[in-house]
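Undergrad: Next come a sequence and a model predicted from it.
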Amino acid sequence: MIYDVRHVTTYDYSRQVPFARCVMRLLPRDGSGQHVRSSELLITPRPAERSDAPCFFGNRMTMATIASPHHELKVEMRARVAVERPAPPYPGLTRGWEEVAALALASCSLAPASPAHHLYPSRLVPEVASVIAYARESFGARRPVLEAASELMARIRRDFAYDPDATEVSTPLAEAFARRHGVCQDFAHIMIAGLRGLGLPAAYVSGYIRTIPPAGQRRLEGADASHAWALLWCGPETGWIGLDPTNDLIVADDHIVTAIGRDYADVAPLDGVVIGPGSQQIGVAVDVIPVG
Amino acid sequence: MAVQGRIRSGRTKEERRAALLAGYRALPGTHDELVDAAGAVRPHWEPFLQEWCALSPDELRQRFGLADRHVHDTGVSYRVHGDIDTHDPSAGERAWPLSHVPLLIPGAEWQSIAAGVAQRAQLLARLLDDVYGPGDFVAKGLLPAAVVTGSPDYLRPLHGTPGGGALQLYAADLGRGPDGRWWVLQDRAQAPSGAGYALENRLALTRAFPDMFRSMNIERLAAFFQGFRAGLVARSRRVEPRICLLTPGPLNESYFEQAYLARYLGFLLVEGDDLLMREGRVHVRTIAGLKRADVIWRRIDGDFADPLELNARSALGVAGLVQAVRGGQVHVANGLGSGVVEARALMGFLPALARQVLGEELILPNIATWWCGQPREREAVLARLDEMSVAPAFRSAGGELGRESVLAGELPAAGRAALRARIAARGLDYVGQEVVRLSTMPVFQNGRLEPHPMTLRVFAAATPDGWKVMPGGFCRISEEPDARAVSLRNGVRSSDVWVTADAPVEPITLLPAPDRISIQRVTGTLPSRAADNLFWLGRYLERGEATLRLVRALLGRLIDSDPSPGRGDTVRRLAELLVAWGAAPHDRGRNPAAQAYSALYSLDDYGSAAASVREARRTASVIRERLSVDAWRLFGDLQKQLTPQDGRRPSEGEAYEIADRALKTLAAFSGLSQENMVRGAGWRFLDIGRRLERGIATCRFARQFTENEPSGEALDALLDLTDSQITYRSRYLLGASLQPVLDLVMLDPYNPRSVAFQVERLEAEIRGLPTLAEDGMLETPYRLVLRLAADCRIAEAGRLDRTSILLFEQLLMGLSAAIADRYFLQNSGPEGSRLTGIA
């Protein structure tokens, strides 16, 4: 599939802001069956300084400093991305989950794709005993890892209510879990917390999902904004497999990956520090259109 | 002299020794520093005991008094974690618990400790370079990747950055085992504290035992700090770099040490807000604009150093710092990512790593450690769990174990089972360690020595000549006889560490060789925050003085046995001022004495003398590195004077004395700053604060005592308050009358207490401040003070009334606001607000 993605973020400030320093992770990355044919990031007002360089995990990171007084900050990302992922393995034929955990633990690589980076609690994914216990129900002894994880994903989809008003970035994981509702970000974090709690390497993905469903299919949740899901390392042969607990889907060609990290904090699409006493209002618009 | 003493007290000296050592023996199964297993004193302690026992109990007490007074006077303090009052940063501080008996280590033994610590520093530095660089050690299988990635201090944004994990100052916490060998208990590579406290301990004990330092050839510490500073200088591209010590601020438990080291080493003490990243470089915000920072010695955790690329929740850091580091425009020491090698999980791998990387065996072993992320090690730990100490493998963000280790065998059965289950499920989060039994050292208590467990922190610095180890260290002594872990937070004492040389030690100071000093007359640039605090220090001190003068004038009239007519009216005016000032509450009825007491003591009334002194001390506490020890001591004196003794209300006469004495102490502070402070920008801001406050107070006095046809007695009081009585008497033979008094108090430029005099001084000080304007226009503060000066010069006493005096007062307040606007941080805006929402 080939997609045109447009993601516009605007900040409206109640008072003039003289200075802002921002970090953006909005440009989609290449790899894992995904090829970015063209992409651009437009920032208004024009930054006094801007640098584009990949971060540790290989995401495309833009740092910008805006030194002119402004009332509105607008960041627009446009990209054309071709997605053709290899078919995922048959879940029942993947390695036993205990074996995968042991292999990850013994990893001899600090490279960005190494499972070793994704074994431990991270800023927004702390260790929560109840979440681990919840996840464990799907992980019987020696069960194939992808089969067990798929079941966990299905249970999250079944047990949790999708509620765009339920959370903000700052909702702690334990709270979203206890209330059994949230948005894609929460479900991804909960899934990751459960998998890591069992010793399995799990990562966080930010990206998009196609807006208009193919004829005759349901419309997918999370299509009007940026989306998020989890990645599970299934052993050295299979590598990383995307699992979308919001839609109960193993990630294939409907998803576009922007950035990969340990949790949202590693891949926040737009973060920044501004000087100024006023309040702010954010507006986000996302379009994902299949073009062929 | 010492010999004479010994002869004179020769007979009792043996008795003293016997009493001192009575009952002192090593605890079962532990090594003691002073005596061997048979109870015999180890030879290297003999000279010390000799000298000690030569002193009579009185002499000894006197010596201890000298050391303790040094500690008290310099204000050495630490903060107990969690004991924080944000309104008064100095409230949670504890006096420094110094043990008067040093730890003695013979030079030969020290050689191997120093070699071991230097070797370890070297090894960890290599490891840091590798994990933030090629990652070969992991790739070759010398250690599992998960031992690195598990640390919250493995800061991935620093990967591939030169100096991302550079180690500049390293410390090892050592303990001595029952067999007499030294072991490494813990590595400190993030931002080790304690070197400054070690230095302070040394200065304090030098006060007590100056002769012992000479006769016992104790190694000195200054050369170490010299090397450390040279190492930092070498990291900069500029020849005379600006080095900043980045502190978490006055609420940090070791803020005192940070301020102390900044002063000792000549670094600029800054908080995150003082620094600003612009165009790839880091700058200090100063009163003269942005000044480049070349090297930052950080005392905050690396993760907190940049809210943009690291921990977004940090309010301590500098947005964009990582980018500046990446661009090579600033050097941060230790490198932001250095904390990763503190992980206990790593310890088990170090012996093999030393062999592979250095081709050497570890000189100092670390306590046996098994990381439970490895199947075989996990099984071994589980099999011997009851004999083990179990600890988090990494600095955890507050998991079940917290940061401390537990003795599994001492847990209740259920707790032990739970721990076992957790290790089995996620072993990678835990290490098992051999239980350490620390050695004991003597502590002087109740007239004799007692053995207490101790740990020793030893420091190594990367200098241009390689790793250098401080010959001495920071020794911490537990109050518990059975401590297996010692933490300063649990109220332990610390002690100096004496390394004895075989030959006399050459004194070294921090001063560079004379031919390398270029003469300077200006002391660096003044950070805006320091200017702000100096300004307010001046204002609070002057405010306290004005209140004390009011109190003294009021009480003086109350105790006067021969009251002049109009006294009642004057007392009323004085008491009203105290109320208007906020020094005394309204509701004390018509009892002026009670109002005077409030104005002296009440911490609830913000304008009282006690409250002003508290505020002055608070502002001073955050610029402690800029104040002399003598000045700092005066705060202690003042606070003591302004605290009611034995809870009793003093008589009016006594209260008068108290106000009088406190005014003398304040005068001493003025004298110190007049005579001893360099006339740099810092002094200017202190003086501006004082002059402004004095000008405002004098206007208020003048308004209060000249309205409603004042009696001669009321004008007398005004002359008292402004210290102008003598001048007036020498000029005018008649009693006080309105116009001459007003001229003297308000307009006379020759009277150092007059408003006109304050304004002249203000004009001179503000003229001397740096200007930012490039268009030749006057800056607002200077424009305002020029107007004030002109107004003072052309005003006539005959036309001064309540309204025109009020106008002077308002202009002075406007000037204060303009100075704050222009020179302080407040309005340049904290980089605090963040973009929020899901973007």
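TA: Looks like it arrived, so ask away.

Undergrad: helix or strand right after the strand of greatest length in chain B?
TA: Of all segments of type strand in chain B, defined using DSSP state E, the longest is strand B:448-463. Using DSSP states H and E, the helix or strand that directly follows strand B:448-463 along the chain is strand B:466-469.

Undergrad: Pairing partners for the helix or strand following that next one, with directions?
TA: Downstream of strand B:466-469, the first helix or strand assigned by DSSP H and E is strand B:474-477. Paired with strand B:474-477 in the same sheet, following DSSP bridges, are strand B:448-463 (antiparallel), strand B:493-495 (antiparallel).

Undergrad: Pick out the shakiest of those, pLDDT-wise.
TA: Between these, the one with the least mean pLDDT is strand B:493-495; it has a mean of 90.

Undergrad: Residue B:230 reaches residue B:463, doesn't it?
TA: Yes - under the criterion of Cβ atoms under 8 Å, residue B:230 makes contact with residue B:463 at 5.6 Å. (C-beta placed from N, C-alpha, C; glycine too.)

Undergrad: In terms of packing, which of the two has more residues around it?
TA: The neighbour count for residue B:230 versus residue B:463, taken as other Cβ atoms under 10 Å in any protein chain shown, is higher for residue B:463 (19 against 16).

Undergrad: if I look at the more buried one, how far off is residue B:26?
TA: For residue B:463, the distance to residue B:26 equals 38 Å [Cβ to Cβ, to the nearest Å].

Undergrad: Give the closest residue to residue B:116 in space, chain neighbours not counted.
TA: Closest residue to residue B:116 apart from its sequence neighbours, by Cβ to Cβ, 6 or more residues apart in numbering or on different chains: residue B:364 at 3.0 Å.

Undergrad: I misspoke; the intended subject was residue A:203.
TA: The nearest residue in space to residue A:203 (Cβ to Cβ, 6+ apart) is residue A:231, at 4.1 Å.

Undergrad: before we move on, what about residue B:681?
TA: residue B:526 (4.2 Å).

Undergrad: Give me the phi and psi angles of that neighbour.
TA: Note on residue B:526: backbone dihedrals following degrees, to the nearest 10 are phi -100, psi 120.

Undergrad: The residue of the stretch 151-300 of chain B found nearest chain A: what's it in contact with?
TA: Going by Cβ to the nearest Cβ, chain A is nearest to residue B:156 of the stretch 151-300 of chain B, at 3.8 Å. Listed by Cβ atoms under 8 Å, 6 or more residues apart in numbering or on different chains, the contact partners of residue B:156 are A:55, A:56, A:57, A:117.

Undergrad: do residue B:314 as well
TA: By Cβ under 8 Å, 6+ apart, the contact set of residue B:314 is B:272, B:303, B:304, B:305, B:306, B:307.

Undergrad: filter these by proximity to chain A?
TA: For chain A, the contacts drawn from the contacts of residue B:314 by Cβ under 8 Å from any Cβ of the partner chain are residue B:307.

Undergrad: of the contacts of residue B:314, closest to residue B:447?
TA: The closest of the contacts of residue B:314 to residue B:447 turns out to be residue B:304 (Cβ to Cβ; 46.8 Å).

Undergrad: Would you mind confirming that the closest one is in contact with residue B:316?
TA: Yes - between residue B:304 and residue B:316 there is a contact under Cβ under 8 Å: 4.7 Å.

Undergrad: With neighbour numbers in mind, choose between these two.
TA: Using other Cβ under 10 Å, the more surrounded residue of residue B:304 and residue B:316 is residue B:316, with 23 against 19.

Undergrad: how about the more buried one, secondary structure?
TA: Three-state assignment for residue B:316 (DSSP: H, G, I helix; E, B strand; the rest coil): coil.

Undergrad: Convert stretch A:125-134 to CSV, retaining C-alpha atoms only.
TA: In CSV, the C-alpha atoms belonging to stretch A:125-134 read as follows (Å, rounded to 0.1, in the frame of the first residue of the first chain):
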residue,chain,number,x,y,z
VAL,A,125,5.7,1.9,31.9
PRO,A,126,6.5,1.1,35.5
GLU,A,127,6.3,-2.4,36.9
VAL,A,128,2.6,-2.9,38.0
ALA,A,129,1.9,-6.2,39.7
SER,A,130,-1.8,-6.3,38.7
VAL,A,131,-1.0,-5.8,35.1
ILE,A,132,1.6,-8.6,35.1
ALA,A,133,-0.9,-10.9,36.8
TYR,A,134,-3.4,-10.0,34.1
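
Undergrad: Name the residues that touch it?
TA: So stretch A:125-134 is in contact with A:121, A:155, A:173-174, A:177-178, A:189-190, A:192-194, A:196-198, A:204, A:262-263, B:397, B:399, going by Cβ under 8 Å, 6+ apart.

Undergrad: try 7 Å this time
TA: A:121, A:173-174, A:177, A:189-190, A:192-194, A:196-198, A:263, B:397, B:399 (Cβ atoms under 7 Å, 6 or more residues apart in numbering or on different chains).

Undergrad: Drop anything exposed from those residues.
TA: A:121, A:173, A:177, A:189-190, A:192-194, A:196-198, A:263, B:399 (16 or more other Cβ atoms under 10 Å in any protein chain shown).

Undergrad: Of these, which belong to strands?
TA: Here DSSP E is the test, and those give no hits in strands at all.

Undergrad: Would you mind checking which of those residues is nearest to residue B:34?
TA: residue B:399 (40.0 Å).

Undergrad: residues of stretch A:96-114 that come out buried?
TA: Across stretch A:96-114, burial judged by 16+ other Cβ under 10 Å covers A:96-98, A:100-101, A:103-108, A:110, A:112-114.

Undergrad: Could you name the helices and strands sitting against the one helix or strand residue A:15 maps to?
TA: Per DSSP H and E, residue A:15 falls inside strand A:2-17. If contacts are counted by 3 or more Cβ pairs under 7 Å, 6 or more residues apart in numbering or on different chains; DSSP states H and E, strand A:2-17 sits against strand A:70-83, strand A:270-275, strand A:280-290.

Undergrad: remind me which residues of chain A are low pLDDT?
TA: A:166-170, A:211-212, A:214, A:216, A:218-224, A:277 (pLDDT under 70).

Undergrad: would residue B:353 count as being in a helix?
TA: Yes - under three-state DSSP, residue B:353 sits within a helix.

Undergrad: Residue B:142 is in contact with that one, correct?
TA: Yes - the criterion here is Cβ atoms under 7 Å, and residue B:353 meets it with residue B:142 at 5.6 Å.

Undergrad: any idea which helix or strand comes after the lowest-mean-pLDDT helix or strand in chain B?
TA: Here the helix or strand of chain B ranked lowest by mean pLDDT, DSSP states H and E is helix B:2-8, holding a mean of 41. Going down the chain from helix B:2-8, the next helix or strand is helix B:10-21, by DSSP H and E.

Undergrad: Quick one: residues in contact with whatever helix or strand comes next after that following helix.
TA: Where DSSP H and E defines the elements, the next helix or strand beyond helix B:10-21 is helix B:46-53. The contact list for helix B:46-53, computed with Cβ under 7 Å, 6+ apart, reads B:13, B:16, B:17, B:20, B:41, B:104, B:212, B:215, B:216.

Undergrad: Looking at these, state which has the most neighbours.
TA: Within these, residue B:104 tops the neighbour count with 23 neighbours, counted by other Cβ under 10 Å.

Undergrad: Please look at that one and residue B:498 and confirm they touch.
TA: Yes - the criterion here is Cβ under 7 Å, and residue B:104 meets it with residue B:498 at 5.2 Å.

Undergrad: wait, is residue B:111 part of a helix?
TA: Yes - using three-state DSSP, the assignment for residue B:111 is a helix.
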